[in-house]
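*Asks:* My questions concern the predicted model and sequence given below.
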Amino acid sequence: MIPNKFHYVYLTHDGNKHPMYQEFHLVHYLCIKSAIEVNNPTEVNVYCNQEPTGSWWKEIRDSVNVIMIEPPTEIFGLPITELAHMSDVIRLQVLLEEGGIYTDMDTISVRPYGKLLNNKFVLGEQGVNGIEGLCPAVIMSEKDSEFGKKWLYGFKDTFKGGPPGSDGWCTHSVYYPLNLAKSIPEHIHIEPHTSFFHPTYHQPSLKEMFDNVVSFDNAYSHHLWETASMKWIENITVKEIKNNDTTFNLLARKYL
């Protein structure tokens, strides 16, 4: 029911001087590479407003379709100012039009999504037992899904906007889909946080990924929460991945 094709959204702006976004990062390369090798998708699409640059982009460029887009600056008359919220809109629009699998660029694959594609729409819990909501970093959807349509239309009444940490940051992307799932449960399959979002974005949990060696037996993929884990991943190198045994490095090593 859900096509085995991957969609990524990579939005940048000229004012972002952080090293993670000056060139296509090694971690982003590893995440796309792992998705291709683990899931064997029929296609991989990268939607971007500026084509990435750098040596790691050159390594993966021939394996993906680059689709240039203009990020939306409003929806239902409501202004969109943050790149993350622009991406929220794009990912839902793409999944409605084509169906498939959306993951954030900082999501490394572990085992095939396989049987999960037999559903209409799939999200995973954010936080233990979904206490925080449903996370949009991994979304699987059939084309023209009922859940996707209602989620996108819900921007009209629930989108608040605002920067990270503000009251409106997660209103529509995390809290709303959980409430929507309660009203139309027949249109969505929900996975526990251990499937996609373990570790959590809290620092002690992230240490299990980047400092220790831990077995996450139930994981299909790991969202790396790059904003919260930046101190680990911004300067990660091939040498470190090959020579230092951590949970992440052991997962990533095979894709170098």
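*Replies:* Sure, I can see it.
*Asks:* Provide the secondary structure category for residue 46.
*Replies:* Secondary structure assignment for residue 46 (DSSP: H, G, I helix; E, B strand; the rest coil): strand.
*Asks:* how about low-confidence regions in the stretch 1-150 of the chain?
*Replies:* 14-22, 130 (pLDDT under 70).
*Asks:* Tell me which stretches of it form helices.
*Replies:* Along the stretch 1-150 of the chain, counting by DSSP state H, counting those that start in this stretch, helices occupy 26-39, 55-60, 83-98, 146-153.
*Asks:* what would those helices look like in a markdown table with mean neighbour count and distance to residue 120?
*Replies:* No exception for glycine: its C-beta is placed from N, CA and C like everyone else's. A markdown table is the format used below for the helices of the stretch 1-150 of the chain (neighbours: other Cβ atoms under 10 Å; distance: least, Cβ to Cβ, whole Å):
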| stretch | mean neighbour count | distance to residue 120 |
| --- | --- | --- |
| helix 26-39 | 22 | 19 |
| helix 55-60 | 16 | 30 |
| helix 83-98 | 20 | 11 |
| helix 146-153 | 19 | 7 |
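*Asks:* so which of those comes closest to residue 201?
*Replies:* Residue 201 sits nearest to helix 83-98 of all the helices of the stretch 1-150 of the chain, at 13.7 Å, using Cβ to Cβ.
*Asks:* List the contacts of the closest one.
*Replies:* Contact partners of helix 83-98, identified using Cβ atoms under 8 Å, 6 or more residues apart in numbering, comprise 3, 5, 7, 9, 11-13, 45, 47, 69, 71-73, 75, 80, 100, 102, 136, 139, 141, 143-145, 148-149, 151-152, 155, 159, 161, 164, 172-173.
*Asks:* Pull out the buried members of those residues.
*Replies:* Buried members of the contacts of helix 83-98, scored by 16 or more other Cβ atoms under 10 Å, are 3, 5, 7, 9, 11-12, 45, 47, 71, 75, 80, 100, 102, 136, 139, 141, 145, 148, 151-152, 155, 159, 161, 172-173.
*Asks:* Confirm for me that residue 168 is in contact with residue 162.
*Replies:* Yes. If you go by Cβ atoms under 8 Å, residue 168 and residue 162 touch, sitting 3.8 Å apart.
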